[in-house]
Structure formats: C-alpha cells, structure tokens
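A.B. asks: Please work out how this folds:
(chains A and B)
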Protein chains: 2
Amino acid sequence: MKRSHTPPFLVAVTLGIFTVLAGPGIAADPLPAWNDSSAKQAVLGFVAKVTNEGSADFVPESDRIATFDNDGTLWVEQPIYTQLAFALDRLRSMAPQHPEWKTQQPYKSVLDGDLETLKTGGKHALEQIIAATHAGMTSDDFDKITSDWISTAQHPRFKRLYTECVYQPQLELLKYLRENGFKTFIVSGGGIEFMRPWTERVYGISSPQVVGSSIATEFQFVDGQPVLMRLPKVNFVDDKAGKPVGIGQHIGKRPILAVGNSTGDLEMLQYTTGGSGARLGLLVYHNDAEREYAYGPAGGLPDSKIGTFPQSLMDDATENGWIVIGMKENWNQIFPSVP
Amino acid sequence: MKRSHTPPFLVAVTLGIFTVLAGPGIAADPLPAWNDSSAKQAVLGFVAKVTNEGSADFVPESDRIATFDNDGTLWVEQPIYTQLAFALDRLRSMAPQHPEWKTQQPYKSVLDGDLETLKTGGKHALEQIIAATHAGMTSDDFDKITSDWISTAQHPRFKRLYTECVYQPQLELLKYLRENGFKTFIVSGGGIEFMRPWTERVYGISSPQVVGSSIATEFQFVDGQPVLMRLPKVNFVDDKAGKPVGIGQHIGKRPILAVGNSTGDLEMLQYTTGGSGARLGLLVYHNDAEREYAYGPAGGLPDSKIGTFPQSLMDDATENGWIVIGMKENWNQIFPSVP
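C.D. replies: Predicted coordinates for the structure are as follows:
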C-alpha cells in the first residue's frame, strides 16, 4: 500500500486555502463597514439563529421579511429630503411655462429661493408643490422625469450624486440579508414612484418590493394609448401608523426585522417586533456631524424637523430592546467609494 | 497512446442520455396539459423571443412581469366565486352569536339558503355580508380563519378542495414562465387577504406578488399587542379599470404578459399589450360544460354574471391580437391529479 508523504504543514496549508475558498469555515466579514460592536453582533446573531434549522428561533425563508425606511436610514435626508430637492428643481424647470408663479405663493417663494416663506405655508403649500410637480403626467413620463433627475442631481454638501449618498454599511446589510434568504423591502414615507426607478440599481430592491406614499392614479386612454395618469390627489401616506398598513397591503406578512431612524418608523418597529418568535428592530442614530449629520433631539443633539429622533424614541428603543446604531461609533465608512 | 474502443453506438447513446439529462437539446414539453395548438405555439414563441438576447424582442429579466387574474383564470369561479362560498359558510358559522340575523336581511336569506332573495339585495347586501364576515378581526386572525376554511372546504360539484380546482395547464404555465425569468403576479378582483394565505403553496406565488381588492385596515394596540385591525370599509376594488391601477401600485411596472377570462380583465389586457415591444394577452374561454363549465355569452354560450365573456370581448381580442384559449380544444387536462 502506497502512503502519502506530504508534510503535515503542507496539508494544513492546503486545507486552509480550501477553507478560505469554499467557506463556510473562515468566512469573510459580510459587514466590513460595520465596526465590531454590540450592534453588529446583534445583527449577526439574529441572522444566525433565524437561519439555523436546528434553532428554536428558526424562520422559514418565506417569512424572512426585512423592511427598511429610506430617508435617513438608507440614504442622506439632510439638509432637506431628496424628493423635496427634486420637487423644487422641477418647479424651477417648469417655471417658464407658468409665468403666474412669479407672483403666486407658494411657487414664488421657491423661485425666489426663499425657503423660510415656503415653510410658513406648511402642509398645504407642500401639497400644492407636489401637485404641480408630481401630477398631471403619466406614470411612464414620471418614471422618465425622475430617472433623468436622479442621474445628474448632486447633494449640495457632498458634491456627489444622491444615489451615491447611500450608506455603505446598509448596502452590505441588505446584501447580507438577501444572501441569507431574506426578502428586503423599502417602507418609506417618500413617494413610491419617486423611488422605484432607481432602487433596484442602487439597493438591489426591485420595484414591487418598494412601499411608499402615493398620489392617486387613473387608467385612461391618452392619444389612443392606455396609460396611468397621475392625479393631484393623495392616495396613501406611508408614514407613522401608515407604515404597518402599507406593509399589510404590499407584503401581507409581518416583518421579522425592521430598520428606521425616526418617529416616522415607530409603528413599523412596534408592529415588527410585536410578533411572536425572533424579531429585531434597528434604529440609525445620526450623531456624526463630521462625516454626515448630527440631529436628535435625543442625546442633546440639535433638533430637526427632518428625521426627528426625540428622547422618547430612545426610551422606546430601550424598553423594546431595539438596537440604536450610532453612526459615529458603528460605521467605519459612511458612503460607498465612488470610482 | 491508448485509444478508446467504445463502440460508436454506445457513444451516441451516452451523448443522448447526457442531452436529455442536461438539456437544452431535446427538452421535455414544459406545457404537457396544453394540446399542441396555435395558442400553445403563441405562448412558447413569445417566451422564446423575449428571453433570446439576440432577438429584437428581448426583455431583461427585471421587466418580465406576468399578471394573472385568479377567478376563472387560475381556478374555478362557478357556480359562485369561492370567496362568496367562504363568506356564506362563515356567516352560517357565526349565526349562533347573532340571533338577530334570523329575521334581518340580507343575513336571513343566507341562513335560509335563499340565494334568490339575497341577489335582490344587490351590491349593498353583498357589502353587508363582507363587512360581517371579513371585518372586525385582526389580519392575523383573518389569515387563520381563511387558512382553516380553505384546508377543508370542497367544491360542490367536483367534490375536491377548492385549491384542487385550479387549472393544471395554468400551473404549468406559471412554472414555465418563472423558469424563464418571469415574475408571476396575481391581479384579482378577489380579496387580497383571502388569497395570500394559500397562493404560495398552490400557485408558487408569494404574498407580496398578490394584488387584489381590499378593505381598510388600521394599526391598533389590542390587549397591548400591535395589530392590523380590519375595518368594515372598502379600501380598493381591483377590478376593471382598477386592475391597471393596482398593478401600478403594487408592481410599478407595466406587465408584458397578462391572462384573464372576463370583462373584469379588459383594462389589464389593454394596459399590458398597449406598451411598446413584445406583449402577449391571453383570455381563457370557458366552453367545456362537460369537464368544467361553459358560459359567455360570446359564441352563444349561456350568459353568466360571474366571469362574463361577451361578444364585445371576443371582438376586442381579435382586434388586439389577444389569444383566446378555449378550454375544450386547448387543455387536455383541467385539474391536477389528486393523490
């Protein structure tokens, strides 16, 4: 009988290479932009137990639903929501066809760059601007308008595309969840048709997996062509208590993991972690003025009307066992590297 | 040098086996319950061209959206819609807790088995029955109620579970489309939460890919638990011109293939085939009284208020190039074999 004379150290090296190549022995870190913190360990531990068939916390793939807020959770929401930047840009580009806007509020304040006056108009002013910029065209046309804008518009501070102001750690988390059999959804207060044209490319989240606010549409024939016409009328507000309702409508299952960053996400986290079995709630906390923004008012950070994170939400997190992810401590990289 | 002496015929046999096993040389018929008709060829030809990267009609996977009506398209809708059978069964099972129903219409007519009187109540009577049987519980509870009913209720004529009164040729078509990179959706006038508990098991269509009519829900805390409460109020009617709207809301892309069987599907087919590029519209035509049902009134078949298929729809099909699938000629098997 012939014996192998391979020296033991060579066997070890070979096995080592094999393990690295084939995993899952010494797997690469799936979340390299996350520092090794208790938050990261909570995420890894949760995924490990719900995907382990031998675990009491095992969840079959069809029930592995993860929902993510968008503004402030997956991408930057300061100094103003990106969709508002889009609406203001679009209003300005439409102004030549609307000479009356030069003297009519709230349009005048936008054209004058006078956001303080715009703010005094409140919710009604915002609805007028949304109606003027988001309605009166077909869904196909709005898709093109949005796609064109998002492909060139830049964030005023970071001087890069808005779609490059997404959070690298969250891109990794989305991918990691999908690789572990999760279906990933966006559940955002933002406009569903504003997000859909680019979410698959940017987040790997396809159009049917985007839940958001919407205006009413109507089936019509225009020039003999069957279209969906966008009407100047709110259909659904996917925010606060609307988020669980939107989840019920679009997903039809209670998520087992939800990620948010503000009071708008409170009910989504309550609904998600209120179910039986293993559940995880995560809240991004913007405490990094240097690399991104810092706002609260939890923890004494400056107050913000956009993405409000009051002390009461911090208390809810503690009470419910939701993990608060301070950007400063938890993320070693904020945005993806741009080629 | 050593040469192989394997006889040529053995090589041929081996290659043959390899081809059969590994395809795509001599592939098995993906639609065995479909007779070799022009309808079948149209379906196979459509899928071949939209999946062929070299074809001018190629469609990338993310845009391969196929929408199917449910009642009368994927399963039996006669003598009454299955969901109505559920509502009537549920009303009867709830009657002991509602002694007033013995004298109150429309409940009395249901308890008396007097469907003629029930019909005279029209839409309002139906809404009352839906409110009594479909609202006032949480979404989780309704899921359980529906799941329990569908696991035992039998079709009155075929004496098999309703979920076994689905069409075998359509199960094959759904599977074939998914194997070719399509996402398959249900777009039904039926209740979205009535379908979701069983569509994945029966059709391979997961809960987020079901679009349907709905009643309003509200996020509430009941006994300290966060739930979605079902309210006695219509939220959305996913029928006729509502179908393209539901598609816009839930899918956010125009389908390239739509399948229906009645006037309720007209606008969905118009919207689908009205887009640019390769499109296919299919209409199931119930003309097989022996194996299933025959109703129209197109082609002189008996009129039906359920799944109406008038001559005008036949004319629309001709004009738009939609394929009409007569069950009698096209399907060699109607229902799946039951073990």
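A.B. asks: show me the residues around the residue nearest to residue A:140 when sequence neighbours are not counted that make contact.
C.D. replies: The shortest distance from residue A:140 to any non-neighbouring residue, by C-beta to C-beta, 6 or more residues apart in numbering or on different chains, is to residue A:227 (6.6 Å). All C-beta spots, glycine's among them, are computed from the backbone N, C-alpha and C. Applying C-beta atoms under 8 Å, 6 or more residues apart in numbering or on different chains to residue A:227 gives the contacts A:138-140, A:219-221, B:274.
A.B. asks: would you list those in JSON lines and tack on secondary structure?
C.D. replies: Shown next, in JSON lines, are the contacts of residue A:227 (DSSP: H, G, I helix; E, B strand; the rest coil):
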{"residue": "A:138", "secondary structure": "strand"}
{"residue": "A:139", "secondary structure": "helix"}
{"residue": "A:140", "secondary structure": "helix"}
{"residue": "A:219", "secondary structure": "strand"}
{"residue": "A:220", "secondary structure": "strand"}
{"residue": "A:221", "secondary structure": "strand"}
{"residue": "B:274", "secondary structure": "coil"}
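A.B. asks: roughly how far out does stretch A:303-314 sit from the chain middle?
C.D. replies: Its chain's C-alpha centre and that of stretch A:303-314 lie 17 Å apart, by C-alpha atoms, centre = their mean, to the nearest Å.
A.B. asks: Ends of that stretch, what's the gap?
C.D. replies: Distance across stretch A:303-314, first residue to last, is 14 Å (C-alpha to C-alpha, to the nearest Å).
A.B. asks: same deal with stretch A:109-116?
C.D. replies: Note: stretch A:109-116 ends 8 Å apart using C-alpha to C-alpha.
A.B. asks: tell me which residues of it are tucked away?
C.D. replies: If you call a residue buried by 16 or more other C-beta atoms under 10 Å in any protein chain shown, then stretch A:109-116 has these buried ones: A:109-111.
A.B. asks: which of the contacts of residue A:227 lies closest to residue B:239?
C.D. replies: When the contacts of residue A:227 are compared for distance to residue B:239 (C-beta to C-beta), residue A:219 wins out at 11.6 Å.
A.B. asks: who touches the closest one in this structure?
C.D. replies: A:226-229, B:241-242, B:244-245, B:267, B:271.
A.B. asks: for the residue lying closest to residue A:169 once chain neighbours are set aside, what are its contacts?
C.D. replies: Nearest residue to residue A:169, sequence neighbours excluded (C-beta to C-beta, 6+ apart): residue A:33, at 4.2 Å. The contact partners of residue A:33, taken as C-beta under 8 Å, 6+ apart, are A:168-169, A:172, A:331-333.
A.B. asks: how about stretch A:254-267 as PDB, C-alpha atoms only?
C.D. replies: The C-alpha trace of stretch A:254-267 is given here as PDB (Å, rounded to 0.1, in the frame of the first residue of the first chain):
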ATOM      1  CA  ARG A 254     -45.400  40.800   9.400                       C
ATOM      2  CA  PRO A 255     -41.700  41.600   9.000                       C
ATOM      3  CA  ILE A 256     -39.200  39.900  11.400                       C
ATOM      4  CA  LEU A 257     -36.600  42.700  11.000                       C
ATOM      5  CA  ALA A 258     -37.300  46.500  10.600                       C
ATOM      6  CA  VAL A 259     -34.800  49.300  10.300                       C
ATOM      7  CA  GLY A 260     -35.700  53.000  10.700                       C
ATOM      8  CA  ASN A 261     -34.300  56.200  12.100                       C
ATOM      9  CA  SER A 262     -37.100  58.500  13.300                       C
ATOM     10  CA  THR A 263     -40.500  58.800  14.900                       C
ATOM     11  CA  GLY A 264     -42.000  58.000  11.400                       C
ATOM     12  CA  ASP A 265     -40.700  54.500  11.900                       C
ATOM     13  CA  LEU A 266     -42.000  53.900  15.400                       C
ATOM     14  CA  GLU A 267     -45.100  52.000  14.500                       C
END
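A.B. asks: residues from the stretch 151-300 of chain A in reach of chain B?
C.D. replies: A:183, A:185, A:192-193, A:196, A:200, A:206-210, A:214, A:217-219, A:225-228, A:235, A:241-242, A:244-245, A:248-254, A:267, A:270-271, A:274 (C-beta under 8 Å from any C-beta of the partner chain).
A.B. asks: Out of those residues, list just those in strands.
C.D. replies: Counting by DSSP state E, the part of these found in strands is A:183, A:185, A:210, A:214, A:217-219, A:225-228, A:235.
A.B. asks: is it possible to export those residues to CSV including distance to residue A:134 and pLDDT?
C.D. replies: Listed next are those as CSV, based on distance: C-beta to C-beta, whole Å; pLDDT from 0 to 100:
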residue, distance to residue A:134, pLDDT
A:183, 28, 98
A:185, 22, 98
A:210, 16, 98
A:214, 10, 98
A:217, 11, 98
A:218, 14, 98
A:219, 18, 98
A:225, 21, 97
A:226, 21, 98
A:227, 16, 98
A:228, 13, 98
A:235, 12, 97
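A.B. asks: Looking at those residues, point me to the pair that's furthest apart.
C.D. replies: A:183 and A:225 (33.6 Å).
A.B. asks: Just want to know which of the two has more residues nearby.
C.D. replies: residue A:183 (22 against 14; other C-beta atoms under 10 Å in any protein chain shown).
A.B. asks: Name whatever forms a beta bridge with that one.
C.D. replies: Residue A:183 has these beta-bridge partners by DSSP bridges: residue A:65.
A.B. asks: Pretty sure it sits against residue A:68.
C.D. replies: No - look at residue A:183 against residue A:68 with C-beta atoms under 8 Å: they stay out of range, at 11.5 Å.
A.B. asks: what does stretch A:162-169 rub up against?
C.D. replies: A:31, A:33-34, A:74-76, A:82, A:85, A:150, A:153-155, A:158, A:198, A:201-203, A:284, A:330-331, A:333-338.
A.B. asks: Okay then, goodbye and thanks.
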